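**Q** Sequence first, then the predicted structure, then my questions.
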Amino acid sequence: MTSDGGLQEGALGTALTLGAVLDEGGAVLLMTSRDLEGALRTRPVSVFWDTKEVDGPAPRVYVFTSIGARKADELEANPEVTLGGPLADGWFAGGGAATVVRSPEESNAIVERVAPDIPVARVTVLILTLNEARRWIVRSSHPFDNDVEQLLAG
């Protein structure tokens with residue numbers, strides 16, 4: 001945010017571009033984090049984003065999980081996370097940090113705002129604040145026949 005509380009130039013554009021890419025990817029990506037012993041764990045997750053909530057240059061992506069899910073404990077211990085997955089014309093990859101929201105009132109409010117079509121239930125919300133994101137546009141199976149679009153610089 002700027003000193004007067006406004007958005008930094010480009011923040012909304014970055015969020016909208018990233019959201020369009022996430023929508024294009026079908027909103028299911030692979031999330032990689034570390035377990036409690038430090039080993040890498042990768043799992044598919046459904047992701048959601050909110051164009052109305054842009055409070056700086058780092059867009060937020062939301063993942064809903066069950067209360068007591070192991071991934072919430074793991075992300076509280078080590079919040080570093082990456083997201084990646086296929087797009088219609090290539091691949092998406094991003095990285096950042098996770099915040100775990102366990103409060104039922106706060107979790108339900110987030111679900112109602114971000115994914116109003118999903119029935120509010122007892123969920124834990126993972127807020128992934130991305131600080132880097134790239135899109136690889138792949139034209140063919142030939143080596144080097146692709147472009148990399150920097151969506152968000154780390």
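**A** In hand now; what should we look at?
**Q** Name the helix or strand of the protein that has the lowest mean pLDDT.
**A** Lowest mean confidence among the helices and strands of the chain (mean pLDDT, DSSP states H and E): helix 11-24, at a mean of 56.
**Q** Just confirm V125 contacts V111, I think it does.
**A** Yes - using Cβ atoms under 8 Å, V125 makes contact with V111 at a distance of 7.0 Å. Glycine gets a C-beta too; all of them are placed from N, C-alpha and C.
**Q** more crowded one of the two?
**A** V125 (22 against 19; other Cβ atoms under 10 Å).
**Q** how about that one, what does it touch?
**A** By Cβ atoms under 8 Å, 6 or more residues apart in numbering, the contact set of V125 is Y62, V63, F64, T65, V100, V101, E106, S107, I110, V111.
**Q** Contact partners for the first one?
**A** By Cβ under 8 Å, 6+ apart, Y62 lies in contact with V47, F48, W49, D50, I110, V114, A115, V125, L126, I127, L128.
**Q** The residues you listed in strands, which ones?
**A** Judged by DSSP state E, the subset of the contacts of Y62 located in strands is F48, W49, V125, L126, I127, L128.
**Q** what's the neighbour count on H142?
**A** Count around H142 with other Cβ under 10 Å applied: 8.
**Q** same thing with the one 5 residues further on?
**A** Counted by other Cβ under 10 Å, the residues lying close to D147 total 11.
**Q** my read: it touches W136, true?
**A** Yes - using Cβ under 8 Å, D147 and W136 qualify as a contacting pair, with a distance of 7.5 Å.
**Q** Determine the next helix or strand in the C-terminal direction from the least confident helix or strand of the chain.
**A** Scanning forward in sequence from helix 11-24 by DSSP states H and E, the next helix or strand is strand 28-34.
**Q** What residues of that next one count as buried?
**A** L29, M31, T32, S33, R34 (16 or more other Cβ atoms under 10 Å).
**Q** Report the secondary structure element holding the residue nearest the centre of the chain.
**A** Centroid-nearest residue in the chain: V61, 3.3 Å away (criterion: Cα atoms, centre = their mean). Element membership of V61 [criterion: DSSP H and E] is strand 60-66.
**Q** Could you export that strand as PDB, CA atoms only?
**A** C-alpha atoms of strand 60-66 as PDB (Å, rounded to 0.1, in the frame of the first residue of the first chain):
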ATOM      1  CA  ARG A  60      -3.800 -13.900  -1.800                       C
ATOM      2  CA  VAL A  61      -4.900 -17.400  -2.800                       C
ATOM      3  CA  TYR A  62      -7.300 -19.400  -0.600                       C
ATOM      4  CA  VAL A  63      -7.400 -23.100   0.100                       C
ATOM      5  CA  PHE A  64     -10.100 -24.600   2.200                       C
ATOM      6  CA  THR A  65      -9.400 -27.800   4.200                       C
ATOM      7  CA  SER A  66     -10.900 -29.900   6.900                       C
END
